[in-house]
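**Student:** pasting the structure only:
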């Protein structure tokens with residue numbers, strides 16, 4: 001009891017406590033799959049009374065930065081907490097791979113936290129279950145002048161316990177992933193198997209600048225659970241919902257939010273929907289799981305001038321500390337190298353296939369007009385030589401087609417899901433989901449108004465045009481059409497066997513229409529020839545064609561017996577040439 005944790009610097013500076021987080025986070029996303037939540041806290045107090053923490057910097061905790069369990073009479077001020085993997089002033093995928101790096105997690109009573117800055121990849125401040133107390137209640141906490149970026153100012157996640165009388169006010173959230181975040185989880189042990197309750201919660205004068213995902217979330221916890229390496233596993237709400245198709249998000253049974261007030265909440269330039277409010281109807285005797293939810297001057301402003309002039313280092317002093325995460329840098333570099341190598345391999349396959357097909361066409365076109373037997377033998381040699389060289393190109397072309405087909409299918413499903421099935425996820429004019437709310441009221445300058453709320457703002461809602469969403473959908477439809485058109489073109493180029501004309505041309509000749517087989521007397525310029533002469537000419541041609549057919553059959557039979565692949569049908573062009581030359585010979589009109 002009565003513990004003070006502070007800096008030893010006499011000049012009033014802040015002391016640094018470094019957790020060596022990168023060694024525990026590992027390769028982005030792969031490291032989490034390997035360790036899950038088996039990582040140590042940076043600072044942990046349990047059952048402490050009279051705790052004061054100030055003038056510290058907590059950097060790169062392996063797991064939670066500051067965990068306070070079953071504490072009483074706590075004051076925390078003038079501290080900085082930072083956990084990030086890159087220098088970007090946002091939350092990239094690489095940064096978010098530092099899972100579970102909560103800033104301050106508190107369960108207890110009589111807590112005052114003020115004048116702190118927090119930049120993490122999970123909950124910035126979270127009021128947790130007080131499972132180890134007799135009443136299992138966390139209550140009477142005030143948080144003010146908080147500068148945060150992460151998963152926001154959070155109640156939860158809790159399950160079968162109670163959190164009440166919590167105040168957040170006068171705070172600023174910069175490019176936070178979530179803003180106001182209230183969540184219930186599924187029961188995980190017998191201690192929290194009762195009815196969960198969150199009541200008397202007050203958020204006032206909160207400004208969010210360009211929130212990335214959900215400025216307001218009231219409902220189930222969006223998390224994977226500590227026992228699953230699948231990042232999209234719903235426990236109870238998938239992290240991939242609703243961005244990816246076939247994901248679920250369900251309200252937690254036997255839980256309730258009651259008497260929740262959001263006042264003077266300013267959301268500036270959100271990147272999507274202003275929020276999600278998801279409750280059920282199975283609390284008690286069919287009572288809704290969200291009761292008496294009030295929005296007072298909760299407004300979204302799109303196109304507002306950003307706080308470009310704000311000095312982030314003054315708001316977040318911890319950002320000036322260097323990042324020592326070589327593993328993340330190497331992982332990002334390796335990722336780009338893999339993408340580059342894959343692109344070069346695909347380009348090589350396409351180029352080789354195109355060159356070989358072009359070479360075959362040139363060789364075939366240059367052989368027309370030669371002696372038929374010499375041409376036949378040359379093609380046999382060419383077939384024997386190209387049989388091995390074409391094998392790799394053919395297999396590579398098929399592999400490229402399979403990859404392109406799979407990519408097109410996945411892109412199509414994802415774009416249809418995002419831009420056609422869930423368009424409101426990108427609209428700052430609509431709450432994505434609003435259900436399971438009883439006595440929800442919007443007053444003052446609140447806009448937009450959740451669909452399940454009573455509108456008591458007393459003003460006409462601004463008109464909203466669906467033209468931007470329609471324009472996006474048209475653009476996406478054109479993009480999808482272009483992708484599939486490119487696929488068809490590449491299919492024709494890489495796999496000519498899929499088209500009969502391409503196959504015939506690859507064999508060395510073009511199908512000759514029947515009308516071109518014989519030319520009439522007018523085309524030959526011989527109008528004076530008699531029917532007898534024409535019949536005699538045709539008999540001679542049929543005899544010559546019969547001899548050529550016998551020669552071709554014998555050649556094909558010898559090739560078949562030797563095991564070589566059948567040669568292209570090159571005699572057709574020769575026969576047609578002989579036939580045309582024969583019939584175009586001048587006729588002696590002076591004969592009787």
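**Tutor:** Received it, and whenever you're ready, just let me know what you need. What you see is a predicted model; the values in this text were computed from it and never measured.
**Student:** the helices in this structure, which residues?
**Tutor:** Using DSSP state H, the helices found in the chain span residues 21-25, 30-35, 93-96, 312-315, 326-366, 372-416, 467-494, 500-506, 521-524, 531-562, 571-583.
**Student:** comparing the ones you listed by mean pLDDT, which bottoms out?
**Tutor:** In terms of average pLDDT, helix 500-506 trails the rest of the helices of the chain, at a mean of 42.
**Student:** could you list the buried residues of stretch 122-138?
**Tutor:** Burial within stretch 122-138, assessed by neighbour count using 16 or more other CB atoms under 10 Å, is assigned to 122-131, 133, 136-138. Yep, even glycine has a C-beta here, placed from its N, CA and C like the rest.
**Student:** dump these to a markdown table, plus pLDDT.
**Tutor:** Formatted as a markdown table, the buried residues of stretch 122-138 follow (pLDDT from 0 to 100):
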| residue | pLDDT |
| --- | --- |
| 122 | 91 |
| 123 | 94 |
| 124 | 96 |
| 125 | 97 |
| 126 | 96 |
| 127 | 96 |
| 128 | 92 |
| 129 | 86 |
| 130 | 87 |
| 131 | 83 |
| 133 | 83 |
| 136 | 86 |
| 137 | 93 |
| 138 | 95 |
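**Student:** quick check, nearest of the residues you listed to residue 104?
**Tutor:** Lowest distance from residue 104 to the buried residues of stretch 122-138 (CB to CB) belongs to residue 125, with 4.9 Å.
**Student:** how about the closest one, what does it touch?
**Tutor:** Contacts for residue 125 (CB atoms under 8 Å, 6 or more residues apart in numbering) come out as 103-104, 106, 113, 118, 143, 146, 148, 153-154, 168.
**Student:** flag every buried residue along stretch 113-123.
**Tutor:** 113-114, 116-123.
**Student:** again, but for stretch 356-363
**Tutor:** Buried, per 16+ other CB under 10 Å, within stretch 356-363: 356-357, 360.
**Student:** kindly indicate which of those residues lies nearest residue 456.
**Tutor:** Closest to residue 456, out of all of these and judged by CB to CB, is residue 357, at 71.2 Å.
**Student:** from residue 345, how far off is that closest one?
**Tutor:** 19 Å (CB to CB, to the nearest Å).
**Student:** and the pLDDT at residue 237?
**Tutor:** With respect to pLDDT, residue 237 has a value of 88.
**Student:** beta partners for it?
**Tutor:** residue 222, residue 249 (DSSP bridges).
**Student:** that one contacts residue 249, doesn't it?
**Tutor:** Yes: counting by CB atoms under 8 Å, residue 237 does reach residue 249; the two are 3.8 Å apart.
**Student:** looking at the two, which has the bigger crowd around it?
**Tutor:** Neighbour count, other CB atoms under 10 Å: between residue 237 and residue 249, residue 237 has more, with 27 against 19.
**Student:** what residues are up against that one?
**Tutor:** 219-223, 248-250.
**Student:** what do you get for residue 297?
**Tutor:** So residue 297 contacts 263-265, 443-446 (CB under 8 Å, 6+ apart).
**Student:** just give the nearest non-adjacent residue to it, would you?
**Tutor:** residue 444 (4.0 Å; CB to CB, 6 or more residues apart in numbering).
**Student:** before we move on, back to that, go through the contacts of residue 237 and name the one nearest residue 57.
**Tutor:** Using CB to CB, residue 223 comes nearest to residue 57 of those, at 27.4 Å.
**Student:** circling back: now neighbour count and distance to residue 350 too, for the contacts of residue 297, in JSON lines please.
**Tutor:** Shown next, in JSON lines, are those (neighbours: other CB atoms under 10 Å; distance: CB to CB, whole Å):
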{"residue": "263", "neighbour count": "18", "distance to residue 350": "60"}
{"residue": "264", "neighbour count": "17", "distance to residue 350": "58"}
{"residue": "265", "neighbour count": "24", "distance to residue 350": "53"}
{"residue": "443", "neighbour count": "18", "distance to residue 350": "62"}
{"residue": "444", "neighbour count": "17", "distance to residue 350": "60"}
{"residue": "445", "neighbour count": "12", "distance to residue 350": "57"}
{"residue": "446", "neighbour count": "25", "distance to residue 350": "56"}
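**Student:** pull the most distant pair out of these.
**Tutor:** Applying CB to CB across the contacts of residue 297, the maximum distance is between 265 and 443, 12.6 Å.
**Student:** which neighbours do the two share?
**Tutor:** Common neighbours of residue 265 and residue 443 (CB under 8 Å, 6+ apart) are 295, 297.
**Student:** on that earlier part again, which single one of the buried residues of stretch 356-363 is nearest to residue 481?
**Tutor:** The closest of these, once distances to residue 481 are taken by CB to CB, is residue 357, at 26.5 Å.
**Student:** start and end of stretch 86-95, how far apart?
**Tutor:** Start to finish, the residues bounding stretch 86-95 are 6 Å apart (CA to CA, to the nearest Å).
**Student:** quick one: contacts for residue 161?
**Tutor:** 129-131, 136-138, 192, 194, 196-197.
**Student:** what average pLDDT does stretch 298-310 get?
**Tutor:** Averaged over stretch 298-310, pLDDT sits at 75.
**Student:** any idea how far apart the tips of it sit?
**Tutor:** For stretch 298-310, the end-to-end distance is 23 Å (CA to CA).
**Student:** got a pLDDT number for the nearest residue to residue 82 once chain neighbours are set aside?
**Tutor:** Computed as CB to CB, 6+ apart, the closest residue to residue 82 that is not its neighbour in sequence is residue 318, at 3.8 Å. Confidence at residue 318, expressed as pLDDT, is 87.
**Student:** then residue 116?
**Tutor:** 97.
**Student:** is the residue nearest to it when sequence neighbours are not counted bridged to anything, and to what?
**Tutor:** Ranked by CB to CB, 6+ apart and with sequence neighbours excluded, the top spatial neighbour of residue 116 is residue 79, at 5.1 Å. For residue 79, the beta-bridge partners under DSSP bridges are residue 56.
**Student:** what sits against the nearest residue to residue 452 once chain neighbours are set aside?
**Tutor:** Counting by CB to CB, 6+ apart, residue 434 is the residue found nearest to residue 452 once chain neighbours are left out, at 4.1 Å. By CB under 8 Å, 6+ apart, the contact list for residue 434 reads 276-278, 440, 450-453.
**Student:** what do you get for residue 137?
**Tutor:** Contacts of residue 137 (CB under 8 Å, 6+ apart): 109, 130, 161-164.
**Student:** those into JSON lines, with extra columns for distance to residue 93?
**Tutor:** Listed next are those as JSON lines, based on distance: CB to CB, whole Å:
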{"residue": "109", "distance to residue 93": "38"}
{"residue": "130", "distance to residue 93": "34"}
{"residue": "161", "distance to residue 93": "33"}
{"residue": "162", "distance to residue 93": "36"}
{"residue": "163", "distance to residue 93": "31"}
{"residue": "164", "distance to residue 93": "36"}
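**Student:** now intersect those residues with the strands, please.
**Tutor:** 109, 162-164 (DSSP state E).
**Student:** quick one: which of those is most hemmed in?
**Tutor:** residue 163 (25 neighbours).
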